[in-house]
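J.: what shape does this take:
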Amino acid sequence: MLMKLENIKNKELKRFLEHAFYIAITLILIPAFLYFEICIVLPTVVEQWSLAFFCHLGCASFLLLNIMGNMIYGMFTNTTIKGRNLEGFNKDEWTLCSVCECLRPPRAWHCNTCDICILKRDHHCTFFACCVGYFNHRYFMLFTFYIFVAMVYSFYFNVKFVSVFITWNHGLILVKFICPLASIVIDFGDESLYVFLVVINVLVGLFTGFLFIYHFNNILKGRLVPETKNYTKDFIHNKGWKLNMIEVFGSRWYLTWISPFIISKLPGNGIEWPVDDKCKLY
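T.: From the prediction side, this is the model:
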């Protein structure tokens, strides 16, 4: 019994430290990158206090609002079975979770990191410090989408900005792009720092772009990450791209892209999964 309690405490400590580390990176990296773009890059490539300057400032504010808003909503939206009334449902296709010691609905899986079963669990998001499930799937998708858009948007200006400071140096600048972190340690200066930030810009853009495309493709097919292995053309939860979109983004799916504060009611409850009428509109 004591060993079990000790394992639980160690697991909770590991989970806390892991989440704290990644959340700290996210909360430090986003403001730092924003400061670099707004206070250093933008005044260099656009005339300060001009109409273009304020237009880009407005775009940056819009992107930041959506990135941080979707992140916060994604982190604090409960998508677990905790606190939900699971009685009164047909439990023919429910499975037993040996860890939670309870029956769980279809498409719900236990997360070893969160240590609880998640409704319509897609995957565990380290940067959210929780799982992506039925009620916060929308926020994860828009979080990755807007980070990708922000990286693409800033890349153009970053290249123009860095080109002002770069010198060829017989091709040594290529080494700084290939090994940006090492170049900061060996030859710390404005050029090395700016090259490092551009490389980070590209890597984050590629990573979030891949995440968004991969998961958006799953949404269009009505599947989750755990379901990709056994996915077939006649997958029972595939209701067509539009209903699949509504299942994740809600009835106002076409407006949720504007702001995380827009209310868009989901068609179900994450517990029941009727599959008899695929043509029914919510």
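
J.: ok, Thr256 - contacts?
T.: Residues in contact with Thr256 (Cβ atoms under 8 Å, 6 or more residues apart in numbering) are Arg138, Leu142, Phe249, Gly250, Ile262, Ser264. Placement of C-beta: from N, CA and C, glycine included.

J.: in strands, which of those appear?
T.: Secondary structure from DSSP state E places none of these in strands.

J.: let me see the ranges of the strands in this protein.
T.: 95-97, 102-104, 109-111, 116-118, 123-125, 130-132.

J.: got a winner among the contacts of Thr256 for most neighbours?
T.: Arg138 (26 neighbours; other Cβ atoms under 10 Å).

J.: separation between it and Leu86?
T.: Between Arg138 and Leu86 the distance is 23 Å, computed by Cβ to Cβ, to the nearest Å.

J.: now swap in Gly270 and tell me
T.: 11 Å.

J.: between those two, what contacts are shared?
T.: Common neighbours of Gly270 and Leu86 (Cβ under 8 Å, 6+ apart) are Pro105.

J.: that older thread, now the contacts of Thr256 in CSV, with pLDDT and distance to Leu220?
T.: Output for the contacts of Thr256, formatted as CSV (pLDDT from 0 to 100; distance: Cβ to Cβ, whole Å):
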residue, pLDDT, distance to Leu220
Arg138, 98, 14
Leu142, 98, 16
Phe249, 98, 12
Gly250, 97, 16
Ile262, 96, 21
Ser264, 97, 18
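
J.: so where's the protein shaky on pLDDT?
T.: Scanning the chain for pLDDT under 70 picks out the ranges 1-12, 15, 167-189, 275-282.

J.: tell me how far the closest residue in space to Thr44 that isn't next to it in sequence lies from Phe207.
T.: Counting by Cβ to Cβ, 6 or more residues apart in numbering, Thr44 lies nearest to Phe161, which is 5.4 Å off, once chain neighbours are set aside. Phe161 sits 22 Å away from Phe207, taking Cβ to Cβ as the criterion.

J.: give me the more crowded residue out of these two.
T.: Phe161 (22 against 14).

J.: my guess is the more buried one meets Val45, correct?
T.: Yes: with contact defined as Cβ atoms under 8 Å, Phe161 reaches Val45; the gap is 5.7 Å.

J.: now do the helices in the stretch 1-150 of the chain.
T.: With DSSP state H, counting those that start in this stretch, the ranges of helices along the stretch 1-150 of the chain come out as 2-35, 42-45, 51-76, 137-165.

J.: quick one: which of those helices is nearest Glu227?
T.: helix 137-165 (13.5 Å; Cβ to Cβ).

J.: just want the angle from that closest one to helix 51-76.
T.: Interaxial angle, helix 137-165 versus helix 51-76 (axes from the mean of the first three to the mean of the last three Cα atoms, to 10 degrees): 140 degrees.

J.: distance between helix 137-165 and the chain's centre?
T.: 14 Å (Cα atoms, centre = their mean, to the nearest Å).

J.: what's that helix packed up against?
T.: If you count contacts as 3 or more Cβ pairs under 8 Å, 6 or more residues apart in numbering; DSSP states H and E, helix 137-165 packs onto helix 42-45, helix 51-76, helix 190-220, helix 241-249.

J.: what is the orientation angle of it with helix 241-249?
T.: Going by the same axes, to 10 degrees, helix 137-165 makes 90 degrees with helix 241-249.

J.: show me which residues of helix 137-165 are buried.
T.: Buried residues in helix 137-165, counted by 16 or more other Cβ atoms under 10 Å: 137-151, 153-154, 157-158, 161-162.

J.: ok and that helix relative to helix 190-220, angle-wise?
T.: Helix 137-165 runs at 150 degrees relative to helix 190-220, counting by the same axes, to 10 degrees.

J.: comparing Gly270 and Leu86, which residue is more hemmed in?
T.: The residue with more neighbours, out of Gly270 and Leu86, is Gly270; 22 against 14, by other Cβ under 10 Å.

J.: Leu243 versus Phe89, what's the distance?
T.: The value you get for Phe89 to Leu243, if Cβ to Cβ is used, is 22 Å.

J.: give me the more crowded residue out of the two.
T.: Leu243 (17 against 13).
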